[in-house]
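Undergrad: Sequence and predicted structure are below.
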Amino acid sequence: MKIYGENIEFDWDELNSNKNLIKQFVTDSECEDVFFNFPLLIHDDIKHSVEETRFYTLGKSNN
């Protein structure tokens, strides 16, 4: 288990900015919330890790 401190930074590039709002009706800010709340589960996303290592996250937002 890795514990991340308060120095987490999110960088939404133009292609991914607001993608979650369009597909899932969740803002980028709400997506970021889950990394600061518990429970937080982060797992390898083998299905989408063809070109780069990717993960999926399950957690709770402040909303």
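TA: All right, it came through fine. Residues are numbered from 1 along each chain as shown.
Undergrad: contacting residues around the helix or strand of the chain with the lowest mean pLDDT?
TA: Sorting the helices and strands of the chain by mean pLDDT, DSSP states H and E puts helix 19-24 at the bottom, at a mean of 88. Helix 19-24 has contacts (C-beta atoms under 8 Å, 6 or more residues apart in numbering) with V26, T27, D28, C31. The way it works is simple: take the backbone N, C-alpha and C, and place the C-beta from them, glycine included.
Undergrad: neighbours around the nearest residue to the last one once chain neighbours are set aside, how many?
TA: Nearest residue to C31, sequence neighbours excluded (C-beta to C-beta, 6 or more residues apart in numbering): N20, at 5.4 Å. Residues near N20, counting by other C-beta atoms under 10 Å, number 15.
Undergrad: The closest residue to H43 other than its chain neighbours: how many residues sit nearby?
TA: Closest residue to H43 apart from its sequence neighbours, by C-beta to C-beta, 6+ apart: Y56 at 5.9 Å. Per other C-beta under 10 Å, the neighbour tally for Y56 reads 12.
Undergrad: Equivalent analysis for T53, please.
TA: T53 is flanked by 9 other residues according to other C-beta under 10 Å.
Undergrad: how about low-confidence regions in this protein?
TA: 1-6 (pLDDT under 70).
Undergrad: Strands of that one, residue ranges please.
TA: Ranges of strands within the chain are 40-44, 55-59, based on DSSP state E.
Undergrad: Distance to I8 added to the ones you listed, as TSV?
TA: Shown next, in TSV, are these (distance: least, C-beta to C-beta, whole Å):
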stretch	distance to I8
strand 40-44	12
strand 55-59	12
